[in-house]
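Student: using only what follows, build the 3D model:
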Amino acid sequence: MARRIDVTGTGGVRLAAWEFADPPKPEAEAEPDGAAGAESGAPGVLLLHGLMGRASHWASTARWLAGRHRAVALDQRGHGRSDKPPEAAYTREAYVEDAEAAVEQLGLAPVVLIGHAMGALTAWQLAAKRPDLVRGLVICDMRASALGAASQREWADWFRSWPVPFASLADVRKWFGEDDPWVERPSPSRGAFYAEVMHECEDGWRPVFEPQHMLSSRETWVYDAHWEELTQVRCPALVVRGVDGELGRAEAQEMVRVLPRGEYAEVPDAGHLAHYDLPEAWRGAVSPFLDGLLGD
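Tutor: Numbers count the residues shown, from 1 in each chain. Here you go, the predicted structure:
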């Protein structure tokens, strides 16, 4: 079961936040409104998906966390069931302010931020900006180094290569799991991941997001390095990488060194989508860190 809670992001953008299980109630029944988590005594967690993702990609993690936390996943602007504002609205500042608004409006502070890829960047930028709101940070497979113009051109070419509209969800799963030139070996979980971000239109299945909005979002971070914000994160932080993911070991360990209270973990046999591909191994990688935060 998933419960939707609307959040008002920066510029009045309507954001959909989701609880995938009833929040823990250790003391008393929680209030029905969005800020109930602050009164239930359950520590708050905000889960932030990556570019093109959606809150449902965190469903398994959120349900697992719900045993001891109030876990909420956010559809970020332009994604999932949240509003799709005009292209100019996809700035780094907007994403960070949206997450900040979600933490405050949902009563999650002091929150543990768990982010994947772009969501991880948003998480550490918010932790640097508002240390009063954040008690812990999990960074999953996001680089701190600049990626450059060539990377942005490759992504634009990749979006143009999509054979949209897809005739069926089975075709979506096959293309993203097998036929996509970026797939090195068949990956059914990758196909399932992308099937979750498609919806049926009159002419077939298309993404719920606008690819140009995704490129605009990405353009705001690929040309710059983000090491400075890491140095400003005061809370405990865990850097997690899939061994076959996009974040290399050397860069991940340098991120840990730069973070004032950084720790490192990896998920064997996982790629970029570690939390989605191998949920049990992912949970094993992050559990000791989260247990330590509960003990603080």
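
Student: the helices in the stretch 1-150 of the chain, which residues?
Tutor: 36-40, 59-65, 92-105, 118-129, 149-161 (DSSP state H, counting those that start in this stretch).

Student: and these, which is most packed in?
Tutor: Most buried of those by mean neighbour count (mean count of other C-beta atoms under 10 Å) is helix 118-129; its value is a mean of 26. Glycine gets a C-beta too; all of them are placed from N, C-alpha and C.

Student: who touches that helix?
Tutor: 46-51, 53, 76, 92, 95-96, 99-100, 103, 113-115, 133-134, 137-142, 217-218, 221, 226, 229-230, 232-235, 237 (C-beta atoms under 8 Å, 6 or more residues apart in numbering).

Student: mind giving me the ChimeraX select for the residues you listed, buried ones only?
Tutor: Of the contacts of helix 118-129, the buried ones go into a single ChimeraX selection, burial set by 16 or more other C-beta atoms under 10 Å:
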select :46,47,48,49,50,51,53,76,92,95,96,99,100,103,113,114,115,133,134,137,138,139,140,141,142,217,218,221,226,229,230,233,235,237
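
Student: show me the contacts of helix 118-129 that map onto strands.
Tutor: Leu46, Leu47, Leu48, Leu113, Ile114, Gly115, Val134, Leu137, Val138, Ile139, Cys140, Ala237 (DSSP state E).

Student: about what we covered before: let me have the helices of the stretch 1-150 of the chain in a markdown table, extended by mean pLDDT and distance to Gly245.
Tutor: As requested, those are exported to a markdown table (pLDDT from 0 to 100; distance: least, C-beta to C-beta, whole Å):
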| stretch | mean pLDDT | distance to Gly245 |
| --- | --- | --- |
| helix 36-40 | 48 | 31 |
| helix 59-65 | 96 | 16 |
| helix 92-105 | 98 | 21 |
| helix 118-129 | 98 | 12 |
| helix 149-161 | 97 | 16 |
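
Student: out of these, flag the one nearest Val7.
Tutor: Nearest to Val7, of all those, is helix 92-105, at 4.8 Å by C-beta to C-beta.

Student: which helices and strands does that closest one pack with?
Tutor: Judged by 3 or more C-beta pairs under 8 Å, 6 or more residues apart in numbering; DSSP states H and E, helix 92-105 is in contact with strand 3-8, strand 14-19, strand 44-48, strand 70-75, helix 118-129.

Student: change it to 6 Å
Tutor: Identification of packing neighbours for helix 92-105 by 3 or more C-beta pairs under 6 Å, 6 or more residues apart in numbering; DSSP states H and E yields strand 3-8, helix 118-129.

Student: any low-confidence regions in this structure?
Tutor: Counting by pLDDT under 70, the chain contains low-confidence ranges at 22-40, 296.

Student: surely Ala144 meets Trp227?
Tutor: Yes - contact status for Ala144 versus Trp227: in contact at 5.1 Å, counting by C-beta atoms under 6 Å.

Student: pull the number of nearby residues for Ala17.
Tutor: Look at Ala17: counted by other C-beta atoms under 10 Å, it has 23 neighbours.

Student: OK, contacts around it?
Tutor: Contacts for Ala17 (C-beta atoms under 6 Å, 6 or more residues apart in numbering) come out as Ile5, Val7, Val72, Leu74, Ala102.

Student: what do you get for Arg241?
Tutor: Asp141, Leu247, Ala252, Glu266.

Student: after the helix or strand in which the third one is found comes which helix or strand?
Tutor: Yep, that's Ala252 we're talking about. Remark: Ala252 resides in helix 249-258, with elements defined by DSSP states H and E. Note on helix 249-258: by DSSP H and E, the next helix or strand toward the C-terminus is strand 262-267.

Student: strand partners of that following strand, parallel vs antiparallel please.
Tutor: Strands that pair with strand 262-267, judged by DSSP bridges, come out as strand 237-242 (parallel).

Student: and the strand it pairs with with helix 249-258, angle?
Tutor: Relative orientation of strand 237-242 versus helix 249-258 (axes from the mean of the first three to the mean of the last three C-alpha atoms, to 10 degrees): 170 degrees.

Student: so how far is strand 237-242 from its chain's centroid?
Tutor: 13 Å (C-alpha atoms, centre = their mean, to the nearest Å).

Student: before we move on, what about stretch 272-280?
Tutor: For stretch 272-280, the distance to the chain centre is 12 Å (C-alpha atoms, centre = their mean).

Student: between the two ends of it, how far is it?
Tutor: Length of stretch 272-280, first residue to last, C-alpha to C-alpha, to the nearest Å: 15 Å.
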